[in-house]
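> Prediction below, plus the sequence it came from.
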Amino acid sequence: MDKQVLAMRQVKGQQIAHLEGSVRRFSDDMYYVKSQSGNGEYEVYHVPTGWRCTCPDSRYRVLKCKHQWAVELSRALREKVTSRFTIEPLDTQTCPMCGSRNFVKHGVRRNKYGTLQRYMCKSCGKWFVFNLGFEKMRATPQVITSAMQLYFSGESLRNTQKFLTLQGVRVSHVAIYKWIGKYVNLMESYLDQIKPQVSDVWRADELYLKIKGNMKYLFAMMDDQTRFLIAQEIAETKYTHDARHLFQISREAANKQPKILITDGLPAYREAFMKEYWTRNNGAQHIRDIQIDGKVHNNKMERLNGEIRDREKVMRGLERSDTPILTGYQIYHNHMRPHEGLNGKTPAEAAGIKIEGENKWITLIENASRSERISMFRVREQDPNQPGQDRDR
C-alpha cells in the first residue's frame with residue numbers, strides 16, 4: 001500500500017512540475033509550490049537529510065509528499081532543458097529575505113535625495129526596502145552603476161565625475177573609487193560561488209603592469225571557447241614566478257581542469273602544468289610552441305591583454321597590487337561586455353551564466369547583497385549571541 005501511495009505522489013508531483021508557474025524558485029535551497037486546492041503555497045526547503053515541505057502530508061505523515069517530488073522533478077527538468085544559471089532581477093512583490101508575499105508598509109526612510117518606503121515582513125519579521133545593496137547611499141543605484149559602467153568602459157575617474165556633474169550629480173572622484181571598491185568586493189564574493197561551464201581548452205599568458213611605478217606582471221587564465229577570464233594574479237617577476245597558484249585557483253574557479261593548455265614558452269607554465277594538471281592517466285596536453293602566423297597561436301589571449309592594457313593606460317598605472325580595479329575589470333569583461341567573437345554574447349552567457357534585467361549591474365549587486373544578507377541571518381539564527389543588527393531595523 002505504501003508503494004502505491006508513493007507512486008501516486010510521484011505521479012502528482014510530475015503533473016505539478018509540468019504546470020507553468022506551480023513551482024517557484026527562491027534560492028537553490030528553497031522553493032515554493034502552489035497548493036492544488038488553491039489555498040496559498042507550501043515551502044519546500046533543503047536540509048542535510050533531504051527535502052522537507054510545510055504541507056500537512058509531509059509534517060504529520062513524515063513521507064515524501066507530491067510537493068517534494070515536484071521540486072526534485074522541476075530541478076531535474078531545469079538542468080536537462082538548460083544548464084544555464086540565470087541571475088534575475090529581484091521580485092518587488094516578495095520579501096527579499098524569505099520570499100514571502102506577506103508584508104506590509106512600515107514607515108519611510110528619508111535621506112538627502114528623497115524618501116524610500118519601508119516594509120515589514122510578517123513571515124520572517126525582517127524590515128526592508130526595495131533598495132537592496134544600495135542602502136544608506138546618497139547616490140541612486142542608477143548613478144552608481146552608470147559610473148561603474150563608464151569607468152570600466154575606459155573613462156578615467158575624473159572624466160566619470162565630469163559626466164555625472166553634467167547629469168546634475170555632484171560627487172568627487174574619490175567617492176566613485178570607493179563605490180567601485182565596495183561593489184566589486186560584494187560582486188566578487190557572490191560570483192565566486194557560481195561555476196562557469198568552460199571548455200576543455202584553456203589559455204594562459206602574462207603581461208607587464210606598472211604598480212606604484214614598479215614593473216609587475218599579471219598572469220591570467222582564460223577559456224578558449226567562451227573567452228571567460230577564469231583567474232588572474234599579480235607576480236613580482238616573470239621568469240622566477242611559480243604559476244602553480246594560478247593553476248590551482250583556476251581549477252577551483254571552474255571546478256575542473258583543462259585537457260589542453262595553450263601558453264607561450266615560459267618555463268613556469270610547463271612546470272606548473274606538469275605538477276597541477278598532468279598525470280599518466282588523464283592525457284592532458286600542453287601546447288607551448290605557438291607562432292603568430294601558425295596554426296596554433298595565442299591571439300585570443302593577446303586580445304584580452306590589449307583590453308587590460310587600454311584600461312591601464314588611462315590610469316597611468318595602478319596604485320597597489322590588491323587593487324579592486326583588476327577584479328572589477330574581470331567582472332566587466334566576463335559579465336557586462338558583449339564580444340563580437342561570441343555573436344554579441346558576454347563570456348559569462350557563453351559559459352552558461354546569464355544576468356537579466358535592463359541594468360545588469362543593479363541585478364548583480366541586488367542578488368549579491370541578498371545572498372550576503374541570507375548568509376548573515378542564518379549565522380545569527382544558529383548563534384543568537386552573534387553581534388550585529390539588521391541594517392534596515
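Nice, I can see it.

> from here on, contacts and neighbour counts on C-alpha atoms
Will do.

> okay, now Leu266: neighbour count?
14 (other Cα atoms under 10 Å).

> give me the low-pLDDT residue ranges for this protein?
Within the chain, the stretches with pLDDT under 70 are 1-4, 26-28, 77-83, 111-114, 289-297, 316, 377-393.

> Now do the helices in it.
Secondary structure of the chain, counting by DSSP state H: helices at 2-17, 56-61, 66-81, 141-153, 157-166, 173-191, 244-254, 267-276, 299-315, 324-331, 347-350, 360-382.

> Tell me which of the ones you listed sits most buried.
helix 347-350 (a mean of 24; mean count of other Cα atoms under 10 Å).

> Identify the residues contacting it?
The contact list for helix 347-350, computed with Cα atoms under 8 Å, 6 or more residues apart in numbering, reads 196, 226-228, 333-335, 338-339, 342, 354-355.

> what do you get if the cut-off is 6 Å, keeping everything else the same?
With contacts defined as Cα atoms under 6 Å, 6 or more residues apart in numbering, helix 347-350 is touched by 226-228, 334-335.

> ok, now stretch 166-174?
So stretch 166-174 is contacted by 157-158, 161 (Cα under 6 Å, 6+ apart).

> ok, of those, which one's closest to Gln232?
Leu157 (23.5 Å; Cα to Cα).

> can the helices of the chain go into a markdown table with extra columns for distance to Ile287?
Below are the helices of the chain laid out as a markdown table (distance: least, Cα to Cα, whole Å):
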| stretch | distance to Ile287 |
| --- | --- |
| helix 2-17 | 47 |
| helix 56-61 | 56 |
| helix 66-81 | 34 |
| helix 141-153 | 32 |
| helix 157-166 | 40 |
| helix 173-191 | 30 |
| helix 244-254 | 15 |
| helix 267-276 | 9 |
| helix 299-315 | 14 |
| helix 324-331 | 25 |
| helix 347-350 | 23 |
| helix 360-382 | 36 |
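
> Which one of the contacts of stretch 166-174 is nearest to Pro324?
Leu157 (13.8 Å).

> ok, now which ones touch that closest one?
Going by Cα under 6 Å, 6+ apart, Leu157 touches His173.

> Looking at the helices of the chain, which is nearest to Lys105?
Nearest of those (Cα to Cα): helix 360-382, 19.8 Å.

> what are the C-alpha coordinates of the closest one, in PDB please?
What follows is helix 360-382, C-alpha atoms only, in PDB (Å, rounded to 0.1, in the frame of the first residue of the first chain):
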ATOM      1  CA  LYS A 360      22.900  44.200 -15.200                       C
ATOM      2  CA  TRP A 361      25.000  45.900 -12.600                       C
ATOM      3  CA  ILE A 362      21.900  46.500 -10.400                       C
ATOM      4  CA  THR A 363      20.700  42.900 -10.900                       C
ATOM      5  CA  LEU A 364      24.100  41.600  -9.900                       C
ATOM      6  CA  ILE A 365      24.500  43.900  -6.900                       C
ATOM      7  CA  GLU A 366      21.000  43.200  -5.600                       C
ATOM      8  CA  ASN A 367      21.400  39.400  -5.800                       C
ATOM      9  CA  ALA A 368      24.900  39.600  -4.300                       C
ATOM     10  CA  SER A 369      23.600  41.700  -1.400                       C
ATOM     11  CA  ARG A 370      20.600  39.400  -0.800                       C
ATOM     12  CA  SER A 371      22.900  36.300  -0.800                       C
ATOM     13  CA  GLU A 372      25.100  38.100   1.800                       C
ATOM     14  CA  ARG A 373      22.100  39.000   3.900                       C
ATOM     15  CA  ILE A 374      20.700  35.500   3.900                       C
ATOM     16  CA  SER A 375      24.100  34.100   5.000                       C
ATOM     17  CA  MET A 376      24.300  36.600   7.900                       C
ATOM     18  CA  PHE A 377      20.700  35.800   9.000                       C
ATOM     19  CA  ARG A 378      21.500  32.000   9.000                       C
ATOM     20  CA  VAL A 379      24.600  32.600  11.100                       C
ATOM     21  CA  ARG A 380      22.600  34.700  13.600                       C
ATOM     22  CA  GLU A 381      19.800  32.200  13.800                       C
ATOM     23  CA  GLN A 382      22.300  29.500  14.700                       C
END
